[in-house]
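Peer 1: Make a model of this:
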Amino acid sequence: VDGLWRECGRTRTLVSPIGERIVVEEAVTKHADKLGAALPVSSGLTAHVLDVIHQFKSAALKPEDLRDAAASVLSAEAAARVTALSEVFAEYESLLDARGLADAHDRERTVLAALNEMESEGRRPRFLDGVEQLLVAEIYDFSLMQFMIVAALIRLIGDAVLTIQAESHPVDALRFPQLTWN
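Peer 2: Below is the predicted model of the structure:
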């Protein structure tokens, strides 16, 4: 992902985990009253909110997805909390964008978008020059975004093998989910 991200002509700087905490703490502080948190914002609350944001981003969800969910399926009290969380999430994204920063999930989203664009144009990333087969070995607990990146790589390369418990299985973009998402 790092090599493919560099090739995408990234314009943002990758933020460290500590930098992510600083940015999310700023976003939580700005919206603490909506979250029902008493100031000052605790490090525990910040850590939990960042964990939730990571989960949403790894599933390719955006703040507006939370807003839509809150508006359509929750009680008024739960909807208010989810809406507040969506505002913190949106603020986090806005702060990263304003500062020219990207977190690891932004990097994956950028790579996936570039791979999909290259696939639609019938070309491959230079990073894959000379690569004739993709070997995916012993992957566990990968995110939806990571799954989509591997599936895109399989489609681009055309020949892939998945090794599970030391046994190889030839795969294509359709067989890959059958073996990994059981």
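Peer 1: What are the boundaries of the helices in this protein?
Peer 2: Counting by DSSP state H, the chain has these helices, from start to end: 2-7, 17-30, 32-35, 43-58, 63-73, 76-98, 104-121, 144-157, 175-180.
Peer 1: So what's the residue count around residue 70?
Peer 2: If you count neighbours by other C-beta atoms under 10 Å, residue 70 ends up with 19. For every residue, glycine as well, the C-beta is placed using N, CA and C.
Peer 1: typo on my end, residue 176
Peer 2: Other residues near residue 176 come to 21 when the count uses other C-beta under 10 Å.
Peer 1: how about it, what does it touch?
Peer 2: Residues in contact with residue 176 (C-beta atoms under 8 Å, 6 or more residues apart in numbering) are 136, 150, 151, 154, 160, 162.
Peer 1: 10 Å instead?
Peer 2: 134, 136, 147, 150, 151, 153, 154, 155, 160, 162, 169 (C-beta atoms under 10 Å, 6 or more residues apart in numbering).
Peer 1: ok, so of those, who is nearest residue 51?
Peer 2: Of all the contacts of residue 176, residue 51 sits closest to residue 147, with 19.9 Å by C-beta to C-beta.
Peer 1: picking that back up, dump the helices of the chain to a markdown table, plus mean pLDDT and distance to residue 130.
Peer 2: Compiled in a markdown table, the helices of the chain are given as follows (pLDDT from 0 to 100; distance: least, C-beta to C-beta, whole Å):
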| stretch | mean pLDDT | distance to residue 130 |
| --- | --- | --- |
| helix 2-7 | 87 | 13 |
| helix 17-30 | 93 | 34 |
| helix 32-35 | 72 | 51 |
| helix 43-58 | 89 | 30 |
| helix 63-73 | 87 | 39 |
| helix 76-98 | 91 | 35 |
| helix 104-121 | 93 | 16 |
| helix 144-157 | 91 | 11 |
| helix 175-180 | 79 | 22 |
